[in-house]
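**Q** Requesting a structural model of the entry that follows:
(chains A and B)
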Amino acid sequence: MSESTLVAGQLFNGISVASILLLAALGLALSFGLMRVINMAHGEMLMMGGYLTYVSVSVFGKGTGFVIGLVVAFIGTGLFGALLEVTLIRRLYGRPLDTLLATWGVSLILQQAARSIFGPIGVEVTAPAWLSGTLSLGGTVMTGLSIPAVRVFIIVLAAVVLGGVGFIIARTRLGLLVRAVHANRAIAEALGTNTRAVDLAVFALGTAIAGLAGSALSLIAPVTPTVGQSYIVYAFLVVIVGGLGSLTGTLAAAVLIGVFSAGAQIFTSQSFSDVLLLLCVIAFMQVRPRGIVSQSSRALEEA
Amino acid sequence: MRSFHSARRLLVSIVAAALCLATFAPPSPAADAVQVGVLQSLTGTMAISEVTVKNATLLAIDQINASGGVLGKQIQPVVEDGASDPSMFAQKAQKLIQQDNVATVFGGWTSASRKAMLPVFERFHSLLWYPVQFEGNECSPDIMYSGAQPNQQILPALDWAEQKGYKSIFLLGSDYVFPRTANLILKKHIEHDGKTMAGEEYVPLGGTDFSAVINKIKVAKPDIIFNTLNGDSNVSFFKQMAAAGLPSAKLPVMSFSIAEQEAKAIGPSLLEGSYAAWNYFQSLPDPVNKKFVAAYQAKYPGSPVDDPMAHGYLDVYAWAAAVKKAGSFDSDKVRKAAVALAYSDVGLGPTKFANNQSLVQTAYVGQLLPSGQFKILWQSKGPVVPVPYDPLSFPGKTCVL
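**A** Residues are numbered from 1 along each chain as shown, chains lettered A, B, ... in the order given. This next block holds a predicted model:
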């Protein structure tokens, strides 16, 4: 395999990792970025999506079961998020540390529930036949640049979800209300917006996207009670580096982190590339504490 | 008046504190019972492997109790959760020894957990029975090492691979002491045998992203991958290898931490054709083994049985036999008796503890079938004597206890 194929391979991997990060972080960009709710159970939303896909595949078989699983994961996790918002998050607005603690508790409960229902060792979800192929450019499987169908699927899904959320925020009435509540909650309320309903919708959408992400990620990662813990730190990293409240920022951060991580691994091991990544993030946050795309307004100064 | 009130308050608080402390007192064992500790990860990333070792240990305890116990006493297990966290293992080990006054402890899996527990057992001169294959390099009088030393698992696998004609070997592992030391030993022997090490990569324990690693494997073009990944990482690795068009049928993988149980969790379809090296396979035709498997599956229907479970089971029987021989539960007497026992067979073939407190045992290489069971391709010419310090990698060091 030539040098250029290695670099091209890592470039593709960077985009693939970026798409994984983006999918994992988008839900959090909505609940944390827009609403400032620190949802420590976000990783468990991903886990829930994976398990719902497993159930769906068990019932409907591998091919159709997976597609149904995506839908079930989206709706099921969204409903759970709505329930969580109404019973718990709603009572803790404006109290970020309490929300952090409460959602951490929810995360532990969900992990144990998964353990009790499905067992501690995780369940098997494998890719359906139509997603199992690999495209090899410029050679054989061993020598050419390989483009696994699963990774392409995740990239496409991330793009579609990002586009969908962006469309909702930018072009729909709900999106308008979300932007208004984000910009200045008090004035939006004074103008008659039902901020409680908007909060519910945003949080539920955030968790629904996390469930969808977990469902897609079950193709390349394990489905175990603790799988959420692997993603949550990177999800927060992407949202904070990207800038709270900005989808463009989240995208930019995901791409930067993914490509940097893949690029660094050309020269060094994964552990060390993680160290380098975090050092760069720390340095970046010193220079630009509000993230890549920062929004400033007087209302937000108080937040 | 004031002094009377404050004296009464003081008395009340002393009584309250005493009552609180009393509730934390260890449950005292029945007079005709002896307590033993069972310490494994029941939660966390290693639970995938360790919960069943606990089950097998408890099965052996039940069986021994049913036939009269040991020295006339019933064995009372005290089960604790190491939570896949080495510092938790050390904490719980200390709790078992100090608070529960256990006669011995069966447990540990990762070398990190064993290294964390080692000072605890040496400080209290209690005895730990460690059932998992590991990197060797340790020689403590307070641990009975029944899991494979490198020369009983890793090196036989290397010999087998070289005999099959594999010349270029890629080393992949999780980033902690066992894979690092195992690969150190492998590199020395690969060089000594005139073969090529195609590459060496490490992924953080629990890591799920193998895109870069797979790319590097393709650059290196090995004949076979020697895989010391542990826990959930194996699931991600095999899923992503299959997605990249490199299932085990195309690029052989020899794994050292995948047994029947992990195969079931990962999905035999992803692993089909890959190899593993152990000192026990569920498919061993030994009739004693068949009884063991039947007994375990009677309690846990449909559950596979693997090497660490078999060692957990063996450890309890070995301890019971040593206690009987020594006529005492004292750790020092028990360990001296344990290394003086004759060969016995609890399902792994003939085994016994050597003077260095490691187990003399046969090495097997197997290939995974779609059923999730292993077909045994090769076995060593008889039980292999354990060598804790590899002579090529750590010349001059020996283990004399």
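**Q** Strands along the chain, start to end?
**A** Picking chain A for this. With DSSP state E, the ranges of strands along chain A come out as A:134-137, A:145-148.
**Q** wrong one, I was asking about chain B
**A** B:33-40, B:74-81, B:105-107, B:128-130, B:143-145, B:168-174, B:196-203, B:224-228, B:253-255, B:275-278, B:352-353, B:359-360, B:364-368, B:374-379.
**Q** Show me the contact partners of the fourth one.
**A** With CB atoms under 8 Å, 6 or more residues apart in numbering or on different chains as the contact definition, strand B:128-130 has outside contacts at B:93, B:104-108, B:114, B:117, B:121, B:142-147, B:315-316, B:318-319. No exception for glycine: its C-beta is placed from N, CA and C like everyone else's.
**Q** what's B:Asp32 in contact with, if anything?
**A** B:Gly69, B:Gly72, B:Lys73, B:Gln74.
**Q** Please determine how far it is located from B:Gln76.
**A** Separation of B:Asp32 from B:Gln76 (CB to CB, to the nearest Å): 10 Å.
**Q** related to what we said a few turns ago, looking at the contacts of B:Asp32, which has the most residues close by?
**A** The residue in those with the most neighbours, by other CB atoms under 10 Å in any protein chain shown, is B:Lys73 (19 neighbours).
**Q** That one - nearest residue in space that isn't next to it in sequence?
**A** B:Val34 (4.6 Å; CB to CB, 6 or more residues apart in numbering or on different chains).
**Q** And B:Asn355, by the same measure?
**A** B:Val339 (5.2 Å).
**Q** next one: B:Gly382
**A** Using CB to CB, 6+ apart, the nearest residue to B:Gly382 is B:Thr362, at 6.9 Å.
**Q** could you list every residue that touches the one you found?
**A** Contacts of B:Thr362 by CB under 8 Å, 6+ apart are B:Asn279, B:Leu348, B:Gly349, B:Pro350, B:Thr351, B:Gln379, B:Ser380, B:Gly382, B:Pro383, B:Val384.
**Q** Could you tell me how many residues sit around the closest residue to the first one other than its chain neighbours?
**A** Spatial nearest neighbour of B:Asn279, chain neighbours left out: B:Gln361 (4.5 Å); criterion: CB to CB, 6+ apart. Taking other CB under 10 Å as the criterion, the count of residues near B:Gln361 is 30.
**Q** Contact partners for B:Gln361?
**A** With CB under 8 Å, 6+ apart, B:Gln361 has these contacts: B:Ala148, B:Gln152, B:Asn279, B:Leu348, B:Gly349, B:Thr351, B:Pro383, B:Val384, B:Pro386.
**Q** Read off the pLDDT value for it.
**A** Listed pLDDT for B:Gln361 reads 96.
**Q** Residue numbers of the stretch 151-300 of chain A in contact with chain B?
**A** A:151, A:219-222, A:224-227, A:229-230, A:262, A:265-266, A:269-271, A:274 (CB under 8 Å from any CB of the partner chain).
**Q** ok, so what distance separates the residue nearest to B:Gly382 from B:Asn55?
**A** Applying CB to CB to B:Thr362 and B:Asn55 gives a distance of 24 Å.
**Q** What does the pLDDT read for the nearest residue to A:Ala114 once chain neighbours are set aside?
**A** Among residues not flanking A:Ala114 along the chain, A:Pro225 sits closest, at 3.9 Å (CB to CB, 6+ apart). pLDDT recorded at A:Pro225 is 89.
**Q** Now do the contacts for the residue in the stretch 301-401 of chain B that chain A sits nearest to.
**A** Nearest residue of the stretch 301-401 of chain B to chain A: B:Ser303, at 10.3 Å (CB to the nearest CB). By CB under 8 Å, 6+ apart, the contact set of B:Ser303 is B:Thr52, B:Asn55, B:Gln261, B:Tyr296, B:Gln297.
**Q** Nearest to chain A among those residues?
**A** Once CB to the nearest CB is applied, the member of these that ends up nearest chain A is B:Gln261, at 7.2 Å.
**Q** And the residue nearest to A:Val223 when sequence neighbours are not counted, how far from A:Gly76?
**A** Once flanking residues are discounted, A:Val223 sits nearest to A:Gly50: 4.0 Å by CB to CB, 6+ apart. Counting by CB to CB, the gap from A:Gly50 to A:Gly76 is 12 Å.
**Q** Of these two, which one has the most company?
**A** Neighbours were counted for A:Gly50 and for A:Gly76 using other CB under 10 Å; A:Gly50 has more, 28 against 22.
**Q** can you give me the helices for the stretch 51-200 of chain A?
**A** A:62-87, A:96-118, A:149-171, A:173-183, A:185-190, A:195-217 (DSSP state H, counting those that start in this stretch).
**Q** Just checking the first one against chain B, any contact.
**A** Read that as helix A:62-87. No. Helix A:62-87 lies out of reach of chain B by CB under 8 Å from any CB, never closer than 10.1 Å.
**Q** Could I get the average pLDDT for that helix?
**A** The average of the pLDDT scores along helix A:62-87 is 94.
**Q** for the shortest one, same thing?
**A** Averaging pLDDT along helix A:185-190 yields 91.
**Q** ok so, going back, tell me who's in contact with the residue nearest to A:Val223.
**A** A:Ala73, A:Val125, A:Gly214, A:Ser215, A:Leu217, A:Ser218, A:Ala221, A:Val223, A:Val227.
**Q** Show me which residues of the stretch 201-350 of chain B sit near chain A.
**A** Residues of the stretch 201-350 of chain B lying near chain A (CB under 8 Å from any CB): B:201-204, B:206-209, B:211-213, B:215-216, B:218-219, B:221, B:232, B:235-236, B:239-240, B:242-246, B:250-251, B:261, B:265-267, B:269-270.
**Q** Sort out for me which of those are in helices.
**A** When DSSP state H defines the helices, the subset of those inside them is B:211-213, B:215-216, B:218-219, B:235-236, B:239-240, B:242-243, B:261, B:265-266, B:269-270.
**Q** Weed out the non-buried ones from these.
**A** Buried residues within these, counting neighbours by 16 or more other CB atoms under 10 Å in any protein chain shown: B:211-213, B:215-216, B:218-219, B:235-236, B:239-240, B:242-243, B:261, B:265-266, B:270.
**Q** ok so, going back, dump the contacts of B:Asp32 to TSV, plus pLDDT.
**A** Shown next, in TSV, are the contacts of B:Asp32 (pLDDT from 0 to 100):
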residue	pLDDT
B:Gly69	93
B:Gly72	92
B:Lys73	94
B:Gln74	95
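**Q** Closest one of those to chain A?
**A** B:Gln74 (28.5 Å).
**Q** ok, what's across the strand from that closest one?
**A** For B:Gln74, the beta-bridge partners are B:Ala33 (DSSP bridges).
**Q** Could you report the distance from it to B:Gly68?
**A** B:Gln74 is 9 Å from B:Gly68, by CB to CB.
**Q** Can you pull the residues that touch both of the two?
**A** The contact lists of B:Gln74 and B:Gly68 share no entry, where a contact means CB under 8 Å, 6+ apart.
**Q** got the contact list for B:Thr52?
**A** So B:Thr52 contacts B:Gln261, B:Tyr300, B:Ser303, B:Asp306, B:Met309 (CB under 8 Å, 6+ apart).
**Q** ok, now how distant is it from B:Gly82?
**A** From B:Thr52 to B:Gly82 the distance is 14 Å (CB to CB).
**Q** cool, and A:Gly69?
**A** 33 Å.
**Q** just A:Asp274 next, same as before
**A** Counting by CB to CB, the gap from A:Asp274 to B:Gly82 is 25 Å.
**Q** Neighbour count for these two, which is higher?
**A** B:Gly82 (30 against 17).
**Q** Quick check: the more buried one touching B:Gln40?
**A** Yes. Contact status for B:Gly82 versus B:Gln40: in contact at 6.1 Å, counting by CB atoms under 8 Å.
**Q** Return every residue with contacts to both of those two.
**A** Shared contacts of B:Gly82 and B:Gln40, counting by CB under 8 Å, 6+ apart, come down to B:Glu50, B:Gly107, B:Gly108, B:Trp109.
**Q** Could you pull up the residues touching A:Ala264?
**A** With CB under 8 Å, 6+ apart, A:Ala264 has these contacts: A:Phe272, A:Ser273, A:Leu276, A:Leu277.
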